[in-house]
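A.B. asks: sharing a model that was predicted from the sequence below.
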Amino acid sequence: MGVRVLKSGMLTTVQDIGRTGYQSQGFSVAGVMDVRSFKIANLLLDNPENEAVLEFTLIGPTLEFTSETIIAITGGDFTPTINGKPAPMYTAIYMHKGDILAFGSARTGSRGYIAFSSYLEIPVVMGSRCTNMKSSIGGFKGRKLENGDYINFRIKRRYLPFFLSRSLEPEDFGQEGATLRVIMGPQDDMFSKQGIDTFLSTEYTVTSEFDRMGCRLEGAFIAPKTTSDIISDGIALGSVQVPSHGKPIILLADRQTTGGYAKIATVASVDIPKLVQRKTDHKIHFQAISVQEAQKLYMDEMTELDDMRHRIHQPCKEVLECRLVAKRLTRLFDEEQ
């Protein structure tokens with residue numbers, strides 16, 4: 001009762017929200033890159049918010065199901081198919097024993113997610129099921145999935161109420177440039193006014209040095225007042241480091257726990273998905289906002305997710321029409337009697 005990996009794709013790992021509380025001991029948080037897509041996948045199946053999923057990058061996996069379950073696919077468009085026929089995204093899908101779920105390369109976005117109603121049988125390590133590949137802990141044997149791997153399900157769960165309503169509009173991961181909203185600091189005072197103006201007005205390009213650890217950007221030199229070296233301190237998700245070469249690096253899920261370069265800004269958490277769904281040569285702009293604005297954006301996103309949860313628990317149009325017809329037939333039968 002589980003899922004077999006026929007083709008592993010480029011980088012497919014088991015992830016959840018991350019392994020928190022251990023950065024002081026040198027363990028990175030890891031976890032999913034696109035938290036929004038992760039939450040929507042679990043939301044569609046009424047899973048616990050932090051239930052583990054499969055995350056894949058650029059080229060998706062091919063999976064064989066050895067028992068029935070329900071899945072949801074979110075993130076970028078990898079043209080998913082089931083037994084060779086197109087499969088919907090952002091929709092609850094019933095999978096039968098023997099079904100083959102296959103993905104191609106990313107058409108839009110760069111990362112995709114699969115959630116399972118039967119939950120993946122992955123041991124909890126230090127409070128999380130996520131894969132930390134640098135430390136080889138968590139996930140499936142502490143590594144990315146390989147051809148022939150088999151993951152069991154933890155439970156049998158093949159029914160969801162309001163099944164036909166469990167469909168949402170796919171996210172739009174356009175190929176154009178993205179504007180990332182940032183909170184300036186904590187070391188923005190180490191950069192000249194010209195350097196800060198350059199950072200906020202220049203178009204930067206995503207380079208090929210883009211992985212789960214971070215994203216290096218190419219663009220105009222960001223000038224420090226004297227130097228960008230600091231005594232190493234903690235690094236938050238979305239920190240924008242500027243090393244001595246003056247080009248920004250945005251640190252992501254598998255980032256190191258500390259760093260010795262000044263951080264000119266931090267990307268607002270709601271905009272991290274915009275970044276991690278970019279590809280090489282895509283364009284990035286930065287826009288400064290306040291902490292209060294970032295907090296409001298976060299609260300607005302939580303409200304939006306709650307609205308989605310409410311929407312998928314409503315009877316769909318087809319069900320309502322059937323009920324209306326049933327009521328009319330009941331009246332007719334009552335009149336005849």
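C.D. replies: Okay, I see it.
A.B. asks: C-alpha only now, for contacts and for neighbours.
C.D. replies: Will do.
A.B. asks: so which bits of the helix or strand containing Arg309 are buried?
C.D. replies: Per DSSP states H and E: Arg309 is located in helix 291-311. Buried residues in helix 291-311, counted by 16 or more other C-alpha atoms under 10 Å: Ala294, Leu297, Tyr298, Leu305, Met308, Arg309.
A.B. asks: closest to Lys97 among those?
C.D. replies: Arg309 (28.2 Å; C-alpha to C-alpha).
A.B. asks: is it true that the closest one touches Leu43?
C.D. replies: Yes - contact criterion C-alpha atoms under 8 Å: Arg309 and Leu43 qualify, at 6.5 Å.
A.B. asks: save the buried residues of helix 291-311 as JSON lines, and put in distance to Leu54 and pLDDT too.
C.D. replies: Below are the buried residues of helix 291-311 laid out as JSON lines (distance: C-alpha to C-alpha, whole Å; pLDDT from 0 to 100):
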{"residue": "Ala294", "distance to Leu54": "29", "pLDDT": "97"}
{"residue": "Leu297", "distance to Leu54": "27", "pLDDT": "97"}
{"residue": "Tyr298", "distance to Leu54": "24", "pLDDT": "97"}
{"residue": "Leu305", "distance to Leu54": "21", "pLDDT": "96"}
{"residue": "Met308", "distance to Leu54": "22", "pLDDT": "95"}
{"residue": "Arg309", "distance to Leu54": "21", "pLDDT": "94"}
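A.B. asks: how far off centre is stretch 174-188?
C.D. replies: 18 Å (C-alpha atoms, centre = their mean, to the nearest Å).
A.B. asks: same deal with stretch 282-302?
C.D. replies: With C-alpha atoms, centre = their mean as the basis, stretch 282-302 stands 17 Å off its chain's centre.
A.B. asks: and the contacts of it?
C.D. replies: For stretch 282-302, contacts defined as C-alpha atoms under 8 Å, 6 or more residues apart in numbering pick out 175-184, 199-206, 268-270.
A.B. asks: can you rerun that using 10 Å?
C.D. replies: 36, 175-184, 199-207, 217-219, 265-271, 274-275, 278, 303-308 (C-alpha atoms under 10 Å, 6 or more residues apart in numbering).
A.B. asks: just those: which are in strands?
C.D. replies: Within the contacts of stretch 282-302, residues falling in strands by DSSP state E are 178-184, 204-207, 217-218, 265-267.
A.B. asks: show me the contacts for Tyr113.
C.D. replies: By C-alpha under 10 Å, 6+ apart, Tyr113 lies in contact with 12-15, 32, 34, 37-42, 53-57, 60, 72-76.
A.B. asks: go on, Thr20?
C.D. replies: With C-alpha under 10 Å, 6+ apart, Thr20 has these contacts: Phe27, Ser28, Val29, Ala30, Gly31, Met126, Gly127, Ser128.
A.B. asks: and Tyr90, by the same measure?
C.D. replies: Counted by C-alpha under 10 Å, 6+ apart, Tyr90 has contacts 37, 40-41, 44, 71-75, 114, 166-171.
A.B. asks: and it, how far is that from Met213?
C.D. replies: According to C-alpha to C-alpha, to the nearest Å, Tyr90 stands 27 Å off from Met213.
A.B. asks: check Phe163 too.
C.D. replies: Phe163 is 37 Å from Met213, by C-alpha to C-alpha.
A.B. asks: check Tyr94 too.
C.D. replies: Taken as C-alpha to C-alpha, the span from Tyr94 to Met213 is 34 Å.
A.B. asks: next one: Ala52
C.D. replies: Ala52 is 20 Å from Met213, by C-alpha to C-alpha.
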